[in-house]
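S.K.: here is the input, now give the coordinates:
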Amino acid sequence: MKTDDCGFLQNAVPAPRPPALPESNSGVLRPVPISELGRDSSVEWVWEGYLSPNHITLLVGLWKSGKSTLLAHVLKLLCTGGELGGSVHPAKVLLLTEESEAIWADRRDEIGIGDSVHVICRPFLRRPDFDEWRGLIGELRRLVRDEGYKAVVFDPIPSLWPVTRENDAGQIVDALVPLQGLAGAGTAILLLHHPSKSDATEGRASRGSGALTGFVDVILEFRRFDPERREDRRRVLTAYSRFSETPDETVLELTDAGYVCCGTKADVKRTDRLAVITDLLPRCAPGLTVEEVLKVWPAGNTVPKPGLRTVRNDLQHAFGAGTFGRSGDGKKQSPYRFWVSDSIPASSVSYRAEPNSDRQDGSAVADDDDSDRREREAIMSVEADAARK
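M.R.: Residues are numbered from 1 along each chain as shown. As a prediction, the model looks like this:
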């Protein structure tokens, strides 16, 4: 395969023409009074909450955790439109990747990615220098204007940019500034990146200098829902964003039909618990009390045994949704008992959490310390009863 003197593949992009001077957005600086600044009624999105023209999104995920699979499904939806934790709108996309044509051809055939996605595989034979990088970004700006790409993806950015010292904030910023100009041409930019060896929290999972995470507009961190279970196909997408439209957290599950949204981690954990509780409860009255459910909770289950208050909340909300039946007065001599309602299949058990719903009647508990005291007393009572028996 032929290359030019700068290391570009000749069938990828032409040789760069480095600018003589740094460029501003328009070539002329025009200060504007802050009162004249405006914003459209809504930000334009190609992937609702996550990917917006004129802005930069960073997706960080552990290698071989499914990050490229997520990208492939996003690209598919950008061809057809659909839902993935938010609406995905049809758009023309340019993908720059370190991977070979054969790998992306396999993904195309397996997932069904359409021709709205254009690909440049391995645009450099070696790491570019900063002049070559600026030349590439200049060529991409031309392609965005001429071809109408609404998103440009760099997969992954460490294999494509000129940065040699990832902890050097100056190098990072020098590489990112040209991308701001590319985004300003009217395209969304998605950068895929790897995490540090010791996973951090609060938007700091990305490897290297914090200049990268501080520069971008949206940070997405992609993790396994249950790292101890490799067979679990659920993933958690945690977001830190300049936009209120971006969800803080979404759990996605990979199915044969693609990724589906399962809610937040709290939603998914409650759904998992309710599945266990549904298996434990009888299908008719009089049913089980909260304490009795905990007594028969299966040991070694993939769903950890929860606390008394958690199970009480789960049972009350499922009763409120009509999934479980209930008898009793909620008093010491007549505790609530629950069973699975015949009117709703057990497989449909699911609900989203409502805050401060700790009492048996579903009313809010004003004092958390008092609630914890009552829970400890109830647990001690159950253990005492078990010892007497």
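
S.K.: domains in the protein, as residue ranges please.
M.R.: What automatic domain parsing lists as the domains of the chain is 43-263, 267-388.

S.K.: want to try JSON lines for those domains, with distance to Leu37 and mean pLDDT as columns?
M.R.: In this view, the C-beta of every residue, glycine as well, is placed from N, C-alpha and C. JSON lines is the format used below for the domains of the chain (distance: least, C-beta to C-beta, whole Å; pLDDT from 0 to 100):
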{"stretch": "domain 43-263", "distance to Leu37": "15", "mean pLDDT": "92"}
{"stretch": "domain 267-388", "distance to Leu37": "37", "mean pLDDT": "74"}
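
S.K.: what's the neighbour count on Val218?
M.R.: Residues lying near Val218 (other C-beta atoms under 10 Å) number 23.

S.K.: relative to Leu288, how far out is it?
M.R.: Noted for Val218: a distance of 46 Å to Leu288, by C-beta to C-beta, to the nearest Å.

S.K.: the residue nearest to Gly112 when sequence neighbours are not counted: helix or strand, and which one exactly?
M.R.: Excluding the flanking residues, the one nearest Gly112 by C-beta to C-beta, 6 or more residues apart in numbering is Lys76, at 5.9 Å. Assigned by DSSP states H and E, Lys76 falls within helix 67-80.

S.K.: surely Arg122 is in contact with Ala102?
M.R.: No - Arg122 lies out of contact with Ala102 (C-beta atoms under 8 Å); the separation is 11.8 Å.

S.K.: rewinding a little: quick one, what contacts the residue nearest to Gly112?
M.R.: The neighbourhood of Lys76, defined by C-beta atoms under 8 Å, 6 or more residues apart in numbering, consists of 111-114, 258.

S.K.: quick check on those: which are buried?
M.R.: Among the contacts of Lys76, the ones that count as buried by 16 or more other C-beta atoms under 10 Å are 113, 258.

S.K.: max pairwise distance over the contacts of Lys76: which two?
M.R.: Pairwise distances across the contacts of Lys76 peak at 14.0 Å for Gly114 and Gly258 (criterion: C-beta to C-beta).

S.K.: tell me the secondary structure at Val153.
M.R.: The three-state assignment at Val153 reads strand, by DSSP: H, G, I helix; E, B strand; the rest coil.

S.K.: adjust the sequence numbering to begin at 692 for everything that follows.
M.R.: In the new count, where the first residue is 692, that last one comes out as Val844.

S.K.: out of Arg813 and Ala793, which sits in the busier spot?
M.R.: Arg813 (16 against 9).

S.K.: phi, psi of the nearest residue to that one once chain neighbours are set aside?
M.R.: Counting by C-beta to C-beta, 6+ apart, Arg813 lies nearest to Glu789, which is 6.3 Å off, once chain neighbours are set aside. For Glu789, the backbone dihedrals (degrees, to the nearest 10) come out as phi -80, psi -10.

S.K.: show me the contacts for Glu789.
M.R.: Residues near Glu789 by C-beta under 8 Å, 6+ apart: 813, 846-847, 850-851.

S.K.: related to what we said a few turns ago, including distance to Val719, could the domains of the chain go into a markdown table?
M.R.: Supplementary listing: these in a markdown table, determined by distance: least, C-beta to C-beta, whole Å:
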| stretch | distance to Val719 |
| --- | --- |
| domain 734-954 | 15 |
| domain 958-1079 | 51 |
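
S.K.: mind checking which of these is nearest Ile725?
M.R.: With C-beta to C-beta as the measure, domain 734-954 is the member of these nearest Ile725 (17.4 Å).

S.K.: re earlier: pick the most deeply packed of the domains of the chain.
M.R.: Comparing the domains of the chain by mean neighbour count (mean count of other C-beta atoms under 10 Å), domain 734-954 comes out on top with a mean of 18.

S.K.: helices along the chain, start to end?
M.R.: Secondary structure of the chain, counting by DSSP state H: helices at 758-771, 792-798, 821-838, 860-874, 901-906, 956-971, 981-986, 999-1011, 1059-1079.

S.K.: what distance separates the second one from the centre of its chain?
M.R.: Here helix 792-798 is found 24 Å from its chain centre; the criterion is C-alpha atoms, centre = their mean, to the nearest Å.

S.K.: mind exporting that helix as CSV, just the C-alpha atoms?
M.R.: C-alpha atoms of helix 792-798 as CSV (Å, rounded to 0.1, in the frame of the first residue of the first chain):
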residue,chain,number,x,y,z
GLU,A,792,-11.4,-3.0,7.3
ALA,A,793,-12.0,-6.7,7.9
ILE,A,794,-13.0,-6.1,11.5
TRP,A,795,-15.5,-3.4,10.6
ALA,A,796,-16.8,-5.4,7.7
ASP,A,797,-17.6,-8.2,10.1
ARG,A,798,-19.4,-5.8,12.5
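
S.K.: that one - contacts with which helices or strands?
M.R.: strand 808-812 (3 or more C-beta pairs under 8 Å, 6 or more residues apart in numbering; DSSP states H and E).

S.K.: quick one: the strand it packs on to helix 821-838, angle?
M.R.: If you take axes from the mean of the first three to the mean of the last three C-alpha atoms, to 10 degrees, strand 808-812 sits at 160 degrees to helix 821-838.

S.K.: would you turn the contacts of Lys767 into TSV with distance to Gly872?
M.R.: Shown next, in TSV, are the contacts of Lys767 (distance: C-beta to C-beta, whole Å):
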residue	distance to Gly872
Ile802	32
Gly803	34
Ile804	28
Gly805	29
Gly949	34
